[in-house]
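Based on what follows, work out the 3D shape:
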Amino acid sequence: MKLIGVGVLLALALPVSAQDKPFDYHSSAELQQKTEQTMAKAAASPTGSAGEKIASYGDHAIAISARTKSGGPEEHEQWTDVIMVTGGEATLLIGGKVVGEVAAESGAPGEKRGTDITGGSTQVVKKGDIINIPAGTPHWIKIAPGEDFSYVNVKVKR
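Now for the predicted structure:
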């Protein structure tokens, strides 16, 4: 009887997930291949940016992103970005306030874009770095001309 009680307690302590299997695995080789494909898409895109969703789990999602050009200032009301840089180098402008607000390409509610960020601070980020950008925090990834930048982005819902 004690064993059943412990089992029930453990089951209740485990988070409920939106996936059907107990875990998910993506190999280094798979991620490298997806990064190369995504970088090729970014290089061919007029915006110099591309993304490839790896998996979605309801309260969080994993994507590969690649850039050959700077994006623009953005702020996500509902999503924290956890970025693991897999290639290249960029300057991250973070914090402050988004100005010159423009509509998000996707038109998603709670997604703010702009033409600039006032205030904030800069941080050079490169392969191997991990960045946590809390929901509601303005940020802008700036790529030097001729450079590439790739990363795994885990988006976590607030």
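
Just give me the longest helix of the protein.
When the chain is scanned for its longest helix (criterion: DSSP state H), the result is helix 28-44.

What's the local residue count around the residue lying closest to residue 51 once chain neighbours are set aside?
Leaving out its chain neighbours, the residue that sits closest to residue 51 by CB to CB, 6 or more residues apart in numbering is residue 65, at 4.6 Å. In short, each C-beta sits where N, CA and C put it, glycine included. Using other CB atoms under 10 Å, residue 65 has 22 neighbouring residues.

Over to residue 30?
Neighbourhood size, residue 30 [other CB under 10 Å]: 12.

ok, now residue 110?
Residues within reach of residue 110, counting by other CB under 10 Å, total 13.

ok, it to residue 74 distance?
Applying CB to CB, to the nearest Å, the value for residue 110 to residue 74 is 11 Å.

swap in residue 28?
29 Å.

Repeat that for residue 152.
For residue 152, the distance to residue 74 - CB to CB - is 18 Å.

Over to residue 123?
Distance from residue 123 to residue 74, by CB to CB: 16 Å.

Could you check which of these two has the larger neighbour count?
When residue 123 and residue 74 are compared on other CB under 10 Å, the one with more neighbours turns out to be residue 74, at 19 against 12.

Spatially nearest residue to residue 74 (excluding sequence neighbours)?
residue 113 (5.3 Å).

ranges for the strands of the chain?
Here the chain has its strands, by DSSP state E, at 49-56, 60-67, 74-76, 79-94, 97-99, 111-113, 116-118, 121-126, 130-133, 139-142, 149-157.

Compare these and give me the one nearest residue 21.
strand 49-56 (10.9 Å; CB to CB).

what pLDDT, on average, does the closest one get?
Mean pLDDT, strand 49-56: 96.

Also stretch 139-158?
96.

Report the backbone C-alpha coordinates of that stretch in CSV.
Taking Å, rounded to 0.1, in the frame of the first residue of the first chain, the C-alpha atoms of stretch 139-158 are listed here in CSV:
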residue,chain,number,x,y,z
HIS,A,139,16.0,43.0,-27.5
TRP,A,140,17.7,43.3,-30.9
ILE,A,141,20.3,40.9,-32.4
LYS,A,142,22.7,42.9,-34.6
ILE,A,143,24.9,41.1,-37.1
ALA,A,144,28.0,42.7,-38.6
PRO,A,145,27.9,42.9,-42.5
GLY,A,146,29.2,39.6,-44.0
GLU,A,147,28.8,37.6,-40.8
ASP,A,148,26.4,34.7,-40.0
PHE,A,149,24.8,34.0,-36.7
SER,A,150,22.9,30.8,-35.7
TYR,A,151,21.2,29.7,-32.4
VAL,A,152,18.8,27.3,-30.8
ASN,A,153,15.9,29.2,-29.3
VAL,A,154,13.8,27.7,-26.5
LYS,A,155,10.7,29.8,-26.2
VAL,A,156,9.0,29.4,-22.8
LYS,A,157,5.5,30.7,-22.3
ARG,A,158,5.1,33.1,-19.3
